[in-house]
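> Below: sequence and its predicted model.
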Amino acid sequence: MTLRRILIAATLLASSASAFAAPVSYAIDPTHTDVLVSWDYLGFARPTARLEATGKVVYDAAKPGASSVEVVLPVASFDGHVERLNQRVQREDYFDAAKFPEARFTSTAVRALEGNRLRIEGDLTLRGVTRPVVLEAVLNKAANHPGKNVPAIGVDATTTIKRSDFGLVQQLPNIGDALQIRIALFAVAESGT
């Protein structure tokens with residue numbers, strides 16, 4: 001092999017390696033993403049509600065600390081499996097959906113832990129109140145989507161918040177203050193990345 005071919009091959013290899021290591025920007029796929037919220041009901045049951053999610057994930061496999069997450073939750077998408085409950089939580093004395101139509105989580109720091117675990121710190125804004133929240137996350141997979149041939153990512157994350165921190169104090173203490181949140185997130189690379 002000539003010196004010129006060796007240099008061309010080395011240049012191509014280096015450029016492909018740096019492209020692979022670059023951060024990838026993903027759009028959350030709302031049809032394959034679930035945000036589940038559960039709470040204590042009078043000590044008898046743990047009902048669950050679902051919310052839709054949109055947003056963006058930037059993941060840097062080489063430097064996870066340079067990654068970021070933004071999740072938008074339309075309050076109108078709240079589905080507690082009971083129509084009367086769904087309507088009630090939209091009212092002014094609950095989520096006040098007319099004034100605050102969405103909740104939003106924006107990361108402030110991402111830290112890689114052992115294995116494929118991540119600690120994602122950020123701010124959750126709900127009903128106009130912003131509080132710090134920590135998501136304990138597991139990176140399920142970051143690879144090419146076999147059907148779409150584009151990068152995709154899957155992450156499961158959990159956290160627990162106190163609803164009273166966001167002014168949601170209805171029926172305390174009978175209805176639990178702690179809201180357990182589980183996010184099963186799937187996202188595909190945005191065009192142009």
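Noted; the coordinates are in hand. Residues are numbered from 1 along each chain as shown.

> Identify the residues contacting the residue nearest to residue 74 when sequence neighbours are not counted.
Computed as C-beta to C-beta, 6 or more residues apart in numbering, the closest residue to residue 74 that is not its neighbour in sequence is residue 102, at 5.3 Å. Just so you know, the C-beta spots here come from the backbone N, C-alpha and C atoms, and that holds for glycine as well. Residues near residue 102 by C-beta atoms under 8 Å, 6 or more residues apart in numbering: 72-75.

> Max pairwise distance over the residues you listed: which two?
Across the contacts of residue 102, the longest distance by C-beta to C-beta is 10.4 Å; it joins 72 and 75.

> who touches both of those two?
Taking C-beta under 8 Å, 6+ apart as the contact rule, the neighbours common to residue 72 and residue 75 are 102-103.

> got a pLDDT number for residue 129?
The pLDDT attached to residue 129 in the predicted structure is 98.

> State the helix or strand in which the most centrally placed residue in the chain lies.
In the chain, the C-alpha closest to the average C-alpha coordinate belongs to residue 71, at a distance of 5.0 Å (C-alpha atoms, centre = their mean). Here residue 71, judged by DSSP states H and E, is contained in strand 68-74.

> go on, residue 146?
Using DSSP H and E, residue 146 is not contained in any helix or strand.

> That one and residue 152: what is the separation?
Note on residue 146: its distance to residue 152, by C-beta to C-beta, to the nearest Å, is 9 Å.

> who has more neighbours, the two?
Comparing residue 146 with residue 152 by other C-beta atoms under 10 Å, the one with more neighbours is residue 152, at 21 against 7.

> Identify the bridge partners of the more buried one.
Beta-bridge pairing of residue 152 under DSSP bridges involves residue 143, residue 188.

> That one and residue 186 touch, don't they?
Yes - Residue 152 sits in contact with residue 186 when judged by C-beta atoms under 8 Å, with a separation of 7.0 Å.

> which residues touch residue 138?
Residue 138 is in contact with 116-118, 155-157, counting by C-beta under 8 Å, 6+ apart.

> now, among those, which is nearest to residue 98?
Checking those one by one against residue 98 (C-beta to C-beta), the nearest turns out to be residue 157, at 28.9 Å.

> who does whichever strand or helix holds that closest one touch, helix- and strand-wise?
Using DSSP H and E, residue 157 sits within strand 151-162. Counting contacts by 3 or more C-beta pairs under 8 Å, 6 or more residues apart in numbering; DSSP states H and E, strand 151-162 is packed against strand 24-28, strand 54-59, strand 117-126, strand 129-144, strand 178-189.

> The first one: which residues count as buried?
When burial is assessed from 16 or more other C-beta atoms under 10 Å, strand 24-28 yields the following buried residues: 24-26, 28.
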